[in-house]
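Asker: can you look at this prediction? I've put the sequence above it.
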Amino acid sequence: MDINVYITSGILENYVLGSASDQERQEVECMSHIYPEIKVALTTFQESIENLALKAAVSPPEDLKEKVLVQIKSESQDGKEQKESKVIPIQKNTASKSGGIYKLMAAASIILLLAVGFYAYNTKEDLAIAQDEIENADQVYDQMVVDYNLLNDSKLDVSKELTFLSSQIEFMGDQNTQKVALSGTADNADNFAAVYWNQGSEIVLLDAQYLPENTAEESYQLWVLVDGVPIDLGVFDSQIFVDTVGLLEMKTTGLGDAFAITREPKGGSVSPTLEQLHVIGTI
């Protein structure tokens with residue numbers, strides 16, 4: 001509460017001048033007991049009104065008292081009925097108690113309002129903290145969902161890779177699958193590759209991780225020689241054996257005398273470039 005705003009609101013002047021309502025009067029009495037500043041301002045204004053009244057007072061004529069006494073003595077009281085005045089006792093104790101009760105009720109009301117305001121303020125702060133905690137919990141939950149989905153996706157990927165590797169291992173272990181070793185040519189003696197070929201299923205798997213890295217303008221190309229005629233079995237880049245687990249599946253063939261790998265322009269060639277022959281192996 002702003003004490004200065006309350007003091008300058010005019011309610012204290014209305015109280016002193018008697019123009020305040022009962023509710024305002026009770027409020028001023030209560031607030032003056034709670035706040036010393038209001039009590040001081042109220043007393044100061046009361047003193048100012050009293051001083052102003054004293055300054056504005058007019059003294060009666062000096063002979064007024066004597067004239068009044070003479071007039072009273074001269075009036076005859078014979079033959080006049082004495083009228084009894086009806087005396088109404090003043091219940092001082094009752095009024096005092098009522099006023100005290102009002103003051104206590106007003107004070108209790110204000111204390112209650114202050115308590116409610118304090119409770120509401122603390123409740124608002126608690127709600128704000130709780131809201132922040134809920135938002136943080138939601139963020140943690142959302143992150144957990146994302147992590148779970150990533151783990152689940154990774155699990156699926158791993159499962160697929162395991163299935164893929166299992167099928168390749170099974171293929172390589174098939175008695176009908178041949179392993180054809182491709183050795184490096186004279187100019188590429190340190191090169192090596194291997195082809196796993198099943199003539200019945202015609203599936204061809206390639207392991208070429210021991211070839212040098214090709215440039216962005218080049219590709220490697222696998223060939224199968226059938227009666228001395230080279231047939232394209234597909235192109236690839238050396239990087240694929242770094243990024244992929246397992247062997248690379250190439251085009252199928254049911255016939256073959258030998259396998260060879262050449263380095264060709266990007267995308268491959270219609271016929272092999274013999275000057276760029278890296279490895280070759282007969283069946």
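Answerer: Perfect, I can see it now.
Asker: check contacts around Gly281.
Answerer: Shown in contact with Gly281 (C-beta atoms under 8 Å, 6 or more residues apart in numbering): 180-183, 193, 195, 258-260. (Glycine included, C-beta is placed from N, CA and C.)
Asker: out of those residues, which end up buried?
Answerer: Burial by neighbour count, 16 or more other C-beta atoms under 10 Å: within those this picks out 180, 182, 193, 195, 258-260.
Asker: how close does Thr253 sit to Val5?
Answerer: Applying C-beta to C-beta, to the nearest Å, the value for Thr253 to Val5 is 98 Å.
Asker: more crowded one of those two?
Answerer: Taking neighbours as other C-beta atoms under 10 Å, Thr253 and Val5 compare with Thr253 leading, 16 against 8.
Asker: you'd agree that one is up against Val204?
Answerer: Yes - using C-beta atoms under 8 Å, Thr253 is in contact with Val204, at 6.2 Å.
Asker: now list whatever residues contact both of the two.
Answerer: 197, 224, 233.
Asker: which one of those residues is nearest Ser48?
Answerer: Leu233 (113.6 Å; C-beta to C-beta).
Asker: these two touch, right, Leu277 and Thr262?
Answerer: Yes - the pair formed by Leu277 and Thr262 meets the contact definition of C-beta under 8 Å, at 5.2 Å.
Asker: those two - which one has more neighbours?
Answerer: Taking neighbours as other C-beta under 10 Å, Leu277 and Thr262 compare with Thr262 leading, 23 against 19.
Asker: contacts only, for that one.
Answerer: 220-221, 223, 269, 272-274, 276-278.
Asker: any chance of these in TSV, with distance to Tyr148 too?
Answerer: As requested, those are arranged in TSV below (distance: C-beta to C-beta, whole Å):
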residue	distance to Tyr148
Tyr220	40
Gln221	44
Trp223	47
Ser269	48
Pro272	50
Thr273	51
Leu274	55
Gln276	49
Leu277	51
His278	46
